[in-house]
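Peer 1: give me the fold of what follows.
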Amino acid sequence: MSKFAAVTIATLMLMAVFVSAASAATSVNTVEIRSPVFSGSSLSTIPVNFDYTEFAGFYYDIDDDIGSESLRIDNTKASGRTIQEDGLIYETTIQQIGYAYDGWNGEFPKMGFLAQEYVPVNNQPDVLSKLLLDSDDKYTLRVGQSLDLGEGYTLTPKQIDVEGDKVWLELSKDGEYLDDQVITVTGTDVENSTWNYEEDDVGGEDDVVIMRAHVNEVFQGQVDSLAVIEGLWLISNEPMEIETDDTFDALEVTTIGSDFLTLTNKNSIALTKNKDIVLAGDLKIKTADSNDLVFYFYKEITAPGTYQVRGSVATGSANWDYSSFAGFYYDLDSNLASEEMDVTVTGTRSISQDDLVYTTTIQNVDYEYDGWVGTYPKMGFLAEEYVPVNDQPDVLSKLLLDSNDKYTLRVGQTLDLGEGYTLTPKQIDVEGDKVWLELSKDGEYLDDQVITVTGTDVANSTWDYEEDDVGGEDDVVIMRAHVNEVFQGQVDSLAVIEGLWLISNEPMEIETDDTFDALEVTTIGDDFLTLTNKDDLTLSKNKEIKIAGNMFFKVADANELRYYPYAEYVIGGNVTEPTEPTTPTEPTEPTTPTTPTEPTTPTTPGVNETPTTPGVNETPTTPPTEDTPGFEAIFAVAGLLAVAYLVRRN
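Peer 2: Modelled structure (predicted):
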């Protein structure tokens, strides 16, 4: 093999690694973590009482098997669809947990509060500080090199004495000096090698440990003297202070105990159908668009980050469906679910071949736009939602849009539907109640249609765009677009789109014996799929085991078996998990984290605006993370190819 060929093959292999790393996680605009689903004729007879074991939005530590929060409804203070004043009770209690760094003895207090994690300052439940860092990772620093800890804090070795086993550390915040300490590094005395940085008047509390930093060793590198930090813990010095009668949206603080808080609803809450009701912060209630009383509680996340949506905790053989695993598909309005997973554990930690059985079944759901009669097929597959093309469970297309929002467009104005699809009015005839629409993808024309707008005939006002040979299926409806009206604006003629539905024309085709990570397709039925594990699985402690796609098992770092399934989602690009304390990057070169760009969202366009697809308009807060390789890696690869070519030419 020539040198050039060898370099080329190696380079392409690197390129494949970079590209797969950049696209491994499932990207979404929002993450919704739901509770169990509740239903019945009246709130006076529906038992609502759940905690962290059933609701993944509440704080839970699987290693220590510790949770904090619970919520219940007092049936004597509820009737019909109404929760009367003080009828909803939320409670949270301080828990003591171990540090991530095992070298430190003792524990620190932690408490969930309204589905967010906090550290009670000096064990006070009414003074809550954000936990910014709890890590046992190693970071090697040279003199003058700063380690970004998050929220503006940085740790810097000012001098390193290798012979004396000493390092002089400095802590700063937002570039301003806070304190410094000389640490003597000893392999046997961890406490003596740890700097406990304290502050006074933190939420009215004194002698508050804000940071703990353990220096594991100092040594001489090739050029510089180096210090190794192993063990970091940090909380915010700007805590939230809570008082009795403080209100958090619909909830009010009624009791501050020695180690707990109780909040209740200060006013009555009506669970009107088809509503999203804010309880407090990110904690909400969603009700079905149904005459029947069906609802669940949920935590909505919109901030950029990587999030785990977990199922209920198991200690042996277990079964999960939509009610016990919020990652599985569920349609609240239709009260329909699709996915189920059954696990048989033999011995203490083994799942034998074919003892993990995952099944998913097609369900028919209503369109978001109520004007359309009929339903369409939908199916969860490995904790993601798909549309089975022409009701075939082995041809699955991504649902890109299902909306009843209104979009007002003038001639030539383009509506971005997602995945490169755009819809544009080419001409509008107000007098004749007609609009000429054109559909394109990636700037290339696909089709056009003249729609006659009638207020009574919704089907006649709807364009069903079809394609052939979509996963081997013909006459496949890719898009539905309903034109509600045309009218004369101040300057232009305008068309109003109300009702949009779109799937990808590049579906996933599935065959028997296809493998998805640890799972293999064993059965393709008329309306279902079954997958089982093709090899034995071992639930080793302190492990994360990939099941398939973005589904994993998380196993506790404990001698007794404790585990749960979870689905992983990314909001806003390649950023790290904000539900856990942030982890500083290996500081080989100091870097400044960038703010990821949010996905765009369809809005009603105004003059000289191009409407965009739905998304989240949040101000992102990016924790310090190591960037996932992207196009920079590809450019570097191209450079390597060029160098290889010149070497061969010479």
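Peer 1: from here on, contacts and neighbour counts on C-alpha atoms
Peer 2: OK.
Peer 1: show me the shaky parts of the stretch 1-150 of the chain.
Peer 2: Scanning the stretch 1-150 of the chain for pLDDT under 70 picks out 1-25.
Peer 1: and if you look at the stretch 501-650 of the chain?
Peer 2: Where the stretch 501-650 of the chain drops to pLDDT under 70, the residues are 573-650.
Peer 1: walk me through the domains of the protein.
Peer 2: The record's domain parsing of the chain by automatic domain parsing lists 3-23+633-649, 35-117+243-299, 131-238, 395-509.
Peer 1: endpoints of the longest one, how far apart?
Peer 2: What it means is domain 35-117+243-299. End-to-end distance of domain 35-117+243-299: 9 Å, with CA to CA, to the nearest Å as the criterion.
Peer 1: can you tell me the element the residue nearest to residue 381 when sequence neighbours are not counted falls in?
Peer 2: Excluding its sequence neighbours, the residue lying closest to residue 381 (CA to CA, 6 or more residues apart in numbering) is residue 360, at 6.6 Å. Residue 360 belongs to strand 356-361 when assigned by DSSP states H and E.
Peer 1: output that strand as PDB, nothing but the C-alphas.
Peer 2: This file holds the C-alpha atoms of strand 356-361, laid out as PDB (Å, rounded to 0.1, in the frame of the first residue of the first chain):
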ATOM      1  CA  LEU A 356     -34.900  -7.900  27.100                       C
ATOM      2  CA  VAL A 357     -38.000  -7.600  25.000                       C
ATOM      3  CA  TYR A 358     -38.900  -4.200  23.400                       C
ATOM      4  CA  THR A 359     -42.300  -3.900  21.600                       C
ATOM      5  CA  THR A 360     -43.800  -0.900  19.900                       C
ATOM      6  CA  THR A 361     -47.300  -0.700  18.200                       C
END
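Peer 1: burial measure for residue 82, as a count.
Peer 2: A count of nearby residues for residue 82, using other CA atoms under 10 Å, gives 17.
Peer 1: residue ranges of the helices in the protein, please?
Peer 2: Counting by DSSP state H, the segments of the chain that form helices are 3-22, 631-649.
Peer 1: residue 407 touches residue 500, doesn't it?
Peer 2: No - checked against CA atoms under 8 Å, the pair residue 407 and residue 500 is beyond contact range at 9.9 Å.
Peer 1: those two: who's more crowded?
Peer 2: Taking other CA under 10 Å, residue 407 and residue 500 do not tie; residue 500 has more neighbours (24 against 20).
Peer 1: for the nearest residue to the more buried one once chain neighbours are set aside, what are its contacts?
Peer 2: Counting by CA to CA, 6+ apart, residue 500 lies nearest to residue 481, which is 4.8 Å off, once chain neighbours are set aside. By CA atoms under 8 Å, 6 or more residues apart in numbering, the contact list for residue 481 reads 462, 463, 464, 497, 498, 499, 500, 501.
Peer 1: columns distance to residue 491 on top of the residues you listed, output as TSV?
Peer 2: Listed next are the contacts of residue 481 as TSV, based on distance: CA to CA, whole Å:
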residue	distance to residue 491
462	26
463	26
464	30
497	19
498	22
499	25
500	26
501	29
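Peer 1: what strands line up against the longest strand seen in the chain, and which way round?
Peer 2: Counting by DSSP state E, the longest strand found in the chain is strand 395-410. Using DSSP bridges, the strands paired with strand 395-410 are strand 384-388 (antiparallel), strand 493-503 (antiparallel), strand 508-509 (antiparallel).
Peer 1: dump that strand to PDB, restricted to CA.
Peer 2: Taking C-alpha atoms only, strand 395-410 is exported to PDB below (Å, rounded to 0.1, in the frame of the first residue of the first chain):
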ATOM      1  CA  VAL A 395     -41.000   2.100   7.200                       C
ATOM      2  CA  LEU A 396     -40.700   5.000   9.700                       C
ATOM      3  CA  SER A 397     -40.500   8.600   8.800                       C
ATOM      4  CA  LYS A 398     -39.800  11.500  11.200                       C
ATOM      5  CA  LEU A 399     -42.700  13.800  11.900                       C
ATOM      6  CA  LEU A 400     -41.400  17.300  11.200                       C
ATOM      7  CA  LEU A 401     -44.500  19.400  11.700                       C
ATOM      8  CA  ASP A 402     -48.000  19.000  13.100                       C
ATOM      9  CA  SER A 403     -49.400  22.400  13.800                       C
ATOM     10  CA  ASN A 404     -52.600  24.400  14.100                       C
ATOM     11  CA  ASP A 405     -50.900  27.800  14.300                       C
ATOM     12  CA  LYS A 406     -51.700  30.600  11.900                       C
ATOM     13  CA  TYR A 407     -49.200  32.000   9.500                       C
ATOM     14  CA  THR A 408     -50.000  35.100   7.400                       C
ATOM     15  CA  LEU A 409     -48.000  35.300   4.100                       C
ATOM     16  CA  ARG A 410     -47.800  37.700   1.200                       C
END
